[in-house]
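# Got a predicted model here, sequence first, then my questions.
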Amino acid sequence: MKKRQKFMNTARSVVPGVRFSSQLSPVVKKAAGYIEKNLLSIETSSDISNALGVSREHLSRTFSRETGVKIWEYVNRAKVEKAKTMLKGGAPSLVRELYPKLGFGCQSTFYNAFRRYVGMTPSRFKKGDTKKKSKRR
């Protein structure tokens with residue numbers, strides 16, 4: 001039987017726009033701490049629930065109810081924030097080298113998540129192109 005790890009009891013969000021109240025349950029605080037410490041190695045929500053010793057359903061339901069964001073959406077947003085930091089820092093030179101480092105299963109999943117949360121592709125973000133493309137008729 002695995003020994004449960006202790007995770008910090010944090011109420012800090014690593015995702016802009018998601019605010020944690022001081023009234024969070026211990027399981028949500030521990031989940032946030034686990035996500036922050038292990039962001040790049042998380043592949044499924046079961047990874048988080050297994051590490052905390054709670055059921056995936058309980059964790060998902062509690063996290064969503066208390067934060068207003070589904071746990072997997074929170075993880076993906078945190079990974080996109082990490083990607084933005086890495087892209088601003090200039091490494092890696094090719095955007096397609098980034099998705100495996102962030103724990104995304106494939107390049108299209110990474111691109112879709114990045115575009116959903118940032119509003120542009122990682123390549124455009126890296127170039128600093130913040131203009132919206134006009135629609136041609």
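On my side now, so go ahead.

# Just give the number of residues close to the closest residue to residue 113 other than its chain neighbours.
Nearest residue to residue 113 in three dimensions, chain neighbours excluded: residue 76, at 4.8 Å (C-beta to C-beta, 6 or more residues apart in numbering). Using the backbone N, CA and C atoms, a C-beta is placed for each residue, glycine as well. By the criterion of other C-beta atoms under 10 Å, residue 76 has 23 neighbours.

# before we move on, what about the one 3 residues further on?
Using other C-beta under 10 Å, residue 79 has 25 neighbouring residues.

# what's the answer for residue 82, then?
Applying other C-beta under 10 Å, I find that residue 82 has 17 neighbouring residues.

# cool, residue 33 as well?
18.

# Which helix or strand contains it?
Using DSSP states H and E, residue 33 maps to helix 26-38.

# in the helix or strand containing residue 83, what's buried?
Element membership of residue 83 [criterion: DSSP H and E] is helix 71-88. Using 16 or more other C-beta atoms under 10 Å as the test for burial, helix 71-88 gives 71, 73-84, 86-87.

# One more: stretch 50-62?
Quick answer for stretch 50-62 (16+ other C-beta under 10 Å): 51-52, 54, 59-60, 62.

# can you tell me which two in those are farthest apart?
51 and 62 (15.2 Å; C-beta to C-beta).

# Give me the contacts around the next helix or strand after the helix holding residue 83.
Using DSSP H and E, the helix or strand that follows helix 71-88 in sequence is helix 98-101. Where contact means C-beta atoms under 8 Å, 6 or more residues apart in numbering, the residues beyond helix 98-101 that reach it are 40, 83, 86-87, 92, 106-107, 109-111, 122.
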